[in-house]
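Enquirer: Structure for this input, please:
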Amino acid sequence: MSKNRVIVEAVLAGQSHGSVADQYGISKVWVGKLVARWRSGGWEAVEKRSTRPRSNPHATSDDVVARILALRLELTGAGFDGGPRTIAAHLEREGVAVPSVATIWRILTREGLVIPEPRKRPRRSYLRFEADLPNECWQADFTHWPLADGTDTEILCWIDDHSRYVISITAHVPVTGAHVVDTFRTAIAIHGIPASTLTDNGFVFTTRVAHGPNAFERELAILGITQKNGRPNHPQTQGKVERFQQTVKKWLRAQPEPRSLRALQAKLDKFADYYNHQRPHRSLEGRTPAQAYAARAKATPSGGDQHWRLRHDKVTSGRITLRHASRLHHIGLGYEHNGATVRILVHDLHVTIINAETGEIIRDLELDPDRDYQPLGRPPGPPKGSPQRGGRKKNPQKQTKTRDTG
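Expert: Predicted coordinates:
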């Protein structure tokens, strides 16, 4: 039995309002109110009532609540992030009065749209690293994704460490070292040369420990780019690209299964456009990656354009031509390289010539500025027995001496 009912029953038993008030330590006015409630509404009216106000002028309107719930279902249904911060950013773009992130979270929880998760390690316990400028560091990694027929594909991702901007995302069966070099060159042509790269120790990124540098590592050396590799079995070092891959897979799971590599690439292109230009990023204070990428000047390699120059050429007559100090110099490479496209890296008098298709270093030399021709150090002309060499072919039945005209 409640205290209010005991008070009323004491009055009904014949006690005065004053004596009941003194007995229970309350005012006579309150005793009178309780008795009046009983007379008008019975015992239910005597029980303790809620002190909650009947209206709240600051409450979120029904229209805004409905839009919050609709956005949550739209975003999560399409495989995108539908958290409170993302919803708040979309509401702001729509010109709606945006409630606080905590209010949006309470609305989602009240409607059963938030799935409780196990308690995780607090974010403040992690050491966070972020490049100060765009292009200061590009992170890269690849992950697996199956096609509708079960074919395993690999998705190669390049993102900017500072802005999380998707530099490149491509699908392959499987990712090879050549794909890494090709996508890297394409990205450079569009976005400029980064100061450094950060990858794991996969063989498509580094083989220097086992077999010496691969084509990608030679590319970085040519351009003066610093190469960084994470500690083995420690993916947290490449945490941004690892987390990005989770976001990509979550979105792909919400889409129809692609039936071909081309269809998968079309989906990845669509996702990259949304991610870069529409999705507000929590780590960027609600900005999109494209906004963060364009907000500051881009970093360049520390050994970049002031010391190096890079050019392309085609080998003819076993040589290439290079201009140094307003003077043309011919550099011998050998007739076996005729027709090959080469990339020439020049650092003062030091010249490195690389096969553009295979990444093989054909010749590395110090240019002699006093000589027009830089010889190979072997007799001129094609090697003996080469189809390009002049003179008659040797007859295996009859050996004849021929003069080497070189």
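
Enquirer: From here on, just use CA atoms for contacts and neighbour counts.
Expert: Noted.

Enquirer: what are the ranges of the strands in the stretch 51-200 of the chain?
Expert: Secondary structure of the stretch 51-200 of the chain (DSSP state E, counting those that start in this stretch): strands at 138-146, 152-160, 166-172, 196-199.

Enquirer: Ala70: neighbouring residues, count only.
Expert: Around Ala70 there are 12 other residues, counting by other C-alpha atoms under 10 Å.

Enquirer: repeat for Asn135
Expert: The burial count for Asn135: 28, using other C-alpha under 10 Å.

Enquirer: Just the pLDDT for the closest residue to it other than its chain neighbours.
Expert: Leaving out its chain neighbours, the residue that sits closest to Asn135 by C-alpha to C-alpha, 6 or more residues apart in numbering is Pro194, at 4.5 Å. On pLDDT, Pro194 comes in at 94.

Enquirer: quick one, what contacts Pro194?
Expert: Asn135, Glu136, Cys137, Trp138, Ile188, Ile225, Ala299, Thr300, Pro301 (C-alpha atoms under 8 Å, 6 or more residues apart in numbering).

Enquirer: Okay, and the last one sits in which element?
Expert: Read it as Pro301. Secondary structure assignment for Pro301, by DSSP states H and E: no helix or strand.

Enquirer: right, and it touches Thr226 too?
Expert: Yes. Using C-alpha atoms under 8 Å, Pro301 is in contact with Thr226, at 7.5 Å.

Enquirer: any common contacting residues for the two?
Expert: Common neighbours of Pro301 and Thr226 (C-alpha under 8 Å, 6+ apart) are Ala195, Ser196.

Enquirer: Show residues contacting the helix or strand bottoming out on mean pLDDT in the chain.
Expert: Scoring the helices and strands of the chain by mean pLDDT, DSSP states H and E places strand 309-314 at the bottom, with a mean of 82. With contact meaning C-alpha under 8 Å, 6+ apart, strand 309-314 is reached by Ile320, Asn338, Gly339, Ala340, Thr341, Val342, Arg343, Ile344, Leu345, Val346, His347.

Enquirer: send the alpha carbons of the helix or strand that it is followed by over as CSV?
Expert: Following strand 309-314 in sequence order, the next helix or strand is strand 319-324 (DSSP H and E). Output of strand 319-324 as CSV, limited to C-alpha atoms (Å, rounded to 0.1, in the frame of the first residue of the first chain):
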residue,chain,number,x,y,z
ARG,A,319,71.5,3.3,-79.0
ILE,A,320,69.5,6.3,-77.6
THR,A,321,70.3,10.0,-77.7
LEU,A,322,70.4,12.3,-74.7
ARG,A,323,71.0,16.0,-74.5
HIS,A,324,73.2,17.3,-71.7
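
Enquirer: Pull up the pairing partners for the helix or strand that comes right after strand 319-324, direction included.
Expert: Scanning forward in sequence from strand 319-324 by DSSP H and E, the next helix or strand is strand 327-332. Within its sheet, strand 327-332 is paired with strand 319-324 (antiparallel), strand 373-374 (parallel), according to DSSP bridges.

Enquirer: These: lowest mean pLDDT?
Expert: Of all the strands paired with strand 327-332, strand 319-324 has the smallest average pLDDT, which comes to a mean of 87.

Enquirer: angle of that one against strand 309-314?
Expert: 150 degrees (axes from the mean of the first three to the mean of the last three C-alpha atoms, to 10 degrees).
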